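Participant: Sequence and predicted structure below; questions after.
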Amino acid sequence: MDPTNRVNDLIVITKRLTGLLERENDALSNRKYSEINEILDEKVTLGRVYESRIMGLADDPTALNEVDGELRDQLRTLGEKVNALIADNSQLLKIGIEANRRVVNMIAEAVKASVPSAGTYSATGSGALDQQAAAKSVAISIDHTL
């Protein structure tokens, strides 16, 4: 493929990825989790396409010398923007994951605290505090999608 066409394709892909990352970062910042689920598949696909196109250019860096300087500058500017958005996205995802982990831990602790215990026994072997049988198991599930 002609280097100019490759760069033009990469510019189009990078613009789409930039818009998608901006939407996801906004959704993460504003806790719009339903939007994040809608974005995920497209983000994965665009990320793979972007990576393969970048790798294609990295395999033949001299091909960029054949491309118009204005296109190279545009691609460089978009690359810097997408890298900044990726860094922001990573940070927002880490924050979201940590917040969810803390909420899950708080729920687990609350469930443990609310389960009645089997009680303790006195020196004679009789139930000192509670004579109920051991508590029933409580099942919980954790959503690891974020």
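Facilitator: That came through fine. Numbering: from 1, shown residues only.
Participant: tell me, what residue is most central in the protein?
Facilitator: residue 93 (4.5 Å; CA atoms, centre = their mean).
Participant: tell me the secondary structure for that residue?
Facilitator: helix (DSSP: H, G, I helix; E, B strand; the rest coil).
Participant: Distance-wise, check it relative to residue 75.
Facilitator: Counting by CB to CB, to the nearest Å, the gap from residue 93 to residue 75 is 26 Å. Placement of C-beta: from N, CA and C, glycine included.
Participant: so where do the strands sit in the chain?
Facilitator: Along the chain, counting by DSSP state E, no stretch forms strands.
Participant: Residue ranges in it under the pLDDT threshold?
Facilitator: Scanning the chain for pLDDT under 70 picks out the ranges 1, 116-139, 141, 143-146.
Participant: quick one on the thing from earlier: was I right about the residue nearest to the centre of the chain contacting residue 29?
Facilitator: No. In this structure, residue 93 is not within contact of residue 29 by CB atoms under 8 Å, at 11.3 Å.
Participant: tell me, how many neighbours does residue 142 end up with?
Facilitator: Residues within reach of residue 142, counting by other CB atoms under 10 Å, total 10.
Participant: wouldn't it be in contact with residue 104 here?
Facilitator: Yes. Shown here, residue 142 and residue 104 form a contact pair, counting by CB under 8 Å, at 5.4 Å.
Participant: And the closest residue to residue 54 other than its chain neighbours, how close does it get to residue 75?
Facilitator: Using CB to CB, 6 or more residues apart in numbering and skipping the chain neighbours, the partner closest in space to residue 54 is residue 10 (7.2 Å). Residue 10 is 6 Å from residue 75, where distance means CB to CB.
Participant: for residue 21, same thing?
Facilitator: Residue 21 is 17 Å from residue 75, by CB to CB.
Participant: neighbour-wise, which of these two wins?
Facilitator: residue 21 (21 against 18).
Participant: tell me the contacts of that one?
Facilitator: 43, 82, 85, 86, 88, 89 (CB atoms under 8 Å, 6 or more residues apart in numbering).
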